[in-house]
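Enquirer: can't give you the sequence, but here's the structure:
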């Protein structure tokens, strides 16, 4: 009894503010290279006032995946909280223009729409400083039979657990999904996020998730492992399907005894790694939702990630798989 | 008696909303390829709702020139009107982060900060649909001895004449400039703008402007000429210094009997022509403000324009002359 939506995202709705910086800038704000730090409104103002000229684009990890899935031609819907301000307008516009069905109205009061300061350093590495703003007001009451519907799959992100009602609303979404035959997928977001919520994530992966997308560090943070072989053996004991990205080492898909290794594509010039994992998830889940083999799903994921790291920003304007299919 | 500012801009403060579209999209909104159309708030909502996912970056013609001039290391200041909204924050941040001294506070009421929908089609051509919003509230009262100061030069744009008090405030700025030994420069903005205000522009060029930057069509619209040779002969009868850009045919500098022709650089892949003329003006005026020969000024202008058309957006993040000097 699924509706026509193939993938519903539930996540933090964020506008990215992207600028190139040097390593000295990261030192000056105490940000480790490649980290994602949650900051408050004052810190956001401070960092922004010290950054150079920036470009603004819609972002948010699972939101990027939903945009990518829609870019590939899939039917999508989205639950996330923005304010009725200009950043909220940008976020919703960019989703809607791809055909994404936005399920919540913008908040008419409270803190502004979230922004993520994406600091791009040499070699395309990105360090993120995120002000969650309106995202923190996503509430249990926003997750209902009507807002969730009966999509083929839903996709939650680990960052939702940083919201006060996040763990509860994730459980509620999973319950609605189970009743409707919707597959529950989870993106682990980042290894620090996994460390913040490890027990709850382990429970969710064990009891609620049908599909888990993550990078290798996130999996190690979750399982307490330190090498891919051990991690794969551990993942094989779960019922869920796992897609684990490993940067230049490609990705590995684990589903019980089935283990599929997928090489990364060679990229001569990595411009900006922002959104690589999100794009992989889009390709992988698009393949899955369309009944492709796991090997094909992994190839789709790899191709989408390969495309996104060759440009600035987390979303490819159009044709995420162009040149491949 | 000039202060340390080399170039003060007075212009429309705009955030660009950039997206790739096809020619059918331009047809559907009735926009001629390459045109700039002024639209109202309802039209802005309509166009935005029909556009694909976009990227937001600070823009505005003379504002781009000021940003470029600051990018080159010049001391700059700026007078333009934004609202105290998120687009206004983006605009002012991007200027300030380059060291531009912002002379006006954001408006605390009235219409939102201006946005220009930049529709990029094949071959990097751009068509613009501009909602002027808060820009229309720039007033005579904003132009004072204290906001203008005594820079080496000021730069007005033709688009200022589209504001109710625009012609009057341009005259007032020119008077303050004359009293302080500040050179008055004018960018003609676009040929339709010249047609809208031709008599007033001719008067200003004759009586107020020391330097005029324009493209060939704008000059033809101003003079009623239809070929470059006739136009150059006409321009030679004015006292002002003219820098006329001609796209792939390069540029020509005219100052009385002095005529300097500058070739364009060959560019294999034009990504987006947005801001080409603005970048030329930045390079040209930077050379002029630093006492370079007119031949060198034209080379600087050409190099800056060459750089900006090889990327999306009107502003180069850093090093506008990198690789040349």
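Expert: Structure's in. What do you need? This structure is a prediction, so every number in the text was calculated from the model and none was measured.
Enquirer: contacts and neighbour counts: CA atoms only from here.
Expert: Fine.
Enquirer: does residue A:255 really touch residue A:233, like I thought?
Expert: No - counting by C-alpha atoms under 8 Å, residue A:255 stays clear of residue A:233, with 10.4 Å between them.
Enquirer: What are the contacting residues of the helix or strand hosting residue A:231?
Expert: With secondary structure defined by DSSP states H and E, residue A:231 is part of helix A:228-235. With C-alpha atoms under 8 Å, 6 or more residues apart in numbering or on different chains as the test, helix A:228-235 has contacts from A:216, A:219-220, A:223, A:225, A:242, A:254-256.
Enquirer: cool, stretch A:61-78 as well?
Expert: Outside stretch A:61-78, the residues that reach it (C-alpha under 8 Å, 6+ apart) are A:4-13, A:58, A:95, A:98-103, A:155-157, A:187, A:189, A:275, A:278-279, A:281-283, A:285-286, A:314-316, A:318-321.
Enquirer: Mind putting the contacts of helix A:228-235 into JSON lines with neighbour count?
Expert: As requested, the contacts of helix A:228-235 are exported to JSON lines (neighbours: other C-alpha atoms under 10 Å in any protein chain shown):
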{"residue": "A:216", "neighbour count": "23"}
{"residue": "A:219", "neighbour count": "27"}
{"residue": "A:220", "neighbour count": "18"}
{"residue": "A:223", "neighbour count": "16"}
{"residue": "A:225", "neighbour count": "16"}
{"residue": "A:242", "neighbour count": "27"}
{"residue": "A:254", "neighbour count": "26"}
{"residue": "A:255", "neighbour count": "19"}
{"residue": "A:256", "neighbour count": "17"}
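Enquirer: Inside strands: which ones of these?
Expert: Secondary structure from DSSP state E places A:242, A:254-255 of the contacts of helix A:228-235 in strands.
Enquirer: out of those, who's nearest chain B?
Expert: residue A:242 (30.4 Å; C-alpha to the nearest C-alpha).
Enquirer: shouldn't the closest one be in contact with residue A:253?
Expert: Yes - the pair residue A:242 / residue A:253 is scored as a contact, 5.6 Å apart, by C-alpha under 8 Å.
Enquirer: How far does stretch A:253-263 stretch from one end to the other?
Expert: Taking C-alpha to C-alpha, to the nearest Å as the measure, stretch A:253-263 stretches 11 Å from start to finish.
Enquirer: Which residues are in contact with the nearest residue to residue A:137 once chain neighbours are set aside?
Expert: Leaving aside its sequence neighbours, residue A:137 sits nearest to residue A:81 (C-alpha to C-alpha, 6 or more residues apart in numbering or on different chains; 7.0 Å). Residue A:81 is in contact with A:12-13, A:104-107, A:113, A:134-135, A:137-138, counting by C-alpha under 8 Å, 6+ apart.
Enquirer: Looking at those residues, spot the one nearest residue B:148.
Expert: Relative to residue B:148, the closest of the contacts of residue A:81 is residue A:113; by C-alpha to C-alpha it sits at 35.6 Å.
Enquirer: what's the burial count for that closest one?
Expert: 28 (other C-alpha atoms under 10 Å in any protein chain shown).
Enquirer: Tell me the pLDDT of it.
Expert: pLDDT recorded at residue A:113 is 98.
Enquirer: Spit out the contact partners of it.
Expert: Going by C-alpha under 8 Å, 6+ apart, residue A:113 touches A:13-15, A:81-85, A:87-88, A:132-135.
Enquirer: pLDDT score assigned to the closest residue to chain B within the stretch 201-325 of chain A?
Expert: Distance from chain B to each residue of the stretch 201-325 of chain A (C-alpha to the nearest C-alpha) is smallest for residue A:317, at 6.6 Å. Residue A:317 carries a pLDDT value of 77.
Enquirer: I'd guessed it sits against residue B:51; true?
Expert: No - Residue A:317 is beyond contact range of residue B:51, at 11.6 Å (criterion: C-alpha under 8 Å).
Enquirer: so what sits against both of the two?
Expert: In contact with both residue A:317 and residue B:51: no residue, using C-alpha under 8 Å, 6+ apart.
Enquirer: Output the set of residues of the stretch 51-200 of chain A in proximity to chain B.
Expert: A:51-58, A:85-87, A:93-95, A:97-98 (C-alpha under 8 Å from any C-alpha of the partner chain).
Enquirer: got a winner among these for most neighbours?
Expert: residue A:58 (29 neighbours).
Enquirer: hey, what's that one bridged with?
Expert: Beta-bridge partners for residue A:58, by DSSP bridges, are residue A:15.
Enquirer: And the residue of the stretch 201-325 of chain A closest to chain B, how far from residue A:101?
Expert: In terms of C-alpha to C-alpha, residue A:317 sits 18 Å off from residue A:101.
Enquirer: next one: residue A:12
Expert: Using C-alpha to C-alpha, residue A:12 is found at 16 Å from residue A:101.
Enquirer: Which residue of those two possesses the greater neighbour count?
Expert: Neighbour totals were compared for residue A:12 and residue A:101, and residue A:12 leads with 30 against 17 (other C-alpha under 10 Å).
Enquirer: Mind listing residues that contact the strand or helix carrying residue A:304?
Expert: In this assignment (DSSP H and E), residue A:304 forms part of helix A:294-308. For helix A:294-308, the surrounding residues in contact (C-alpha under 8 Å, 6+ apart) are A:243, A:250-253, A:260, A:262, A:264-265, A:267, A:272-288, A:314-316, A:320-321, A:324.
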